[in-house]
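J.: Here is my input, please return the structure:
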Amino acid sequence: MSKYSKEFKLEVIKYYLSGKGGFKAVGDRYGVKHTYIQKWVHAYKAHGQKSLTKTYTHYSDTFKVSVLQSMQQDQLSINQAAARFNVPAPSTISLWQRLYNEGGITALEPKPKGRPPMSKPRTKPLPPPISQ
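T.: Residues are numbered from 1 along each chain as shown. This next block holds a predicted model:
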């Protein structure tokens, strides 16, 4: 569950957008780090209320590459790219960037989840029946 509800985030964003204070002043008023407010406001401006709901999304490797290319072409920071592409955690993009730099596009492909299946126990073949 998210630490802050959708309604609370919307209230903070609307207060900021009303022009009654900057990120730091609004953060002090609501007891929230100003960096959170920055992230919420930028995402809200780009995607509206849809950006406030937490989503669990599987990102394809082509999407990941397009985000990284857009960052390079448009000189976007990780936070700006997260807001533009509606990726909830900028650290996710940072991870993609590190993996891409280390292993190229193949490093961005999804990895199998969970434990590997157990191998079947080997049984010795039964000796042939003895004829009498």
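J.: got the domain boundaries for this structure?
T.: 6-52, 61-108 (automatic domain parsing).
J.: Determine how far the longest one lies from the middle of the whole chain.
T.: On the basis of C-alpha atoms, centre = their mean, to the nearest Å, domain 61-108 sits 10 Å off its chain's mean C-alpha point.
J.: how about the helices in this structure?
T.: Secondary structure of the chain by DSSP state H: the helices cover 6-17, 23-30, 34-47, 61-74, 78-85, 90-103.
J.: highest average neighbour count across those?
T.: Comparing those by mean neighbour count (mean count of other C-beta atoms under 10 Å), helix 78-85 comes out on top with a mean of 19. In short, each C-beta sits where N, CA and C put it, glycine included.
J.: List the contacts of residue 107.
T.: By C-beta atoms under 8 Å, 6 or more residues apart in numbering, the contact set of residue 107 is 99, 100.
J.: residues near the nearest residue to residue 61 once chain neighbours are set aside, how many?
T.: Distances taken as C-beta to C-beta, 6 or more residues apart in numbering place residue 108 nearest to residue 61, at 4.3 Å, with adjacent residues excluded. Residue 108 has 20 neighbouring residues, counting by other C-beta atoms under 10 Å.
J.: Check what pLDDT residue 108 gets.
T.: Per-residue pLDDT puts residue 108 at 83.
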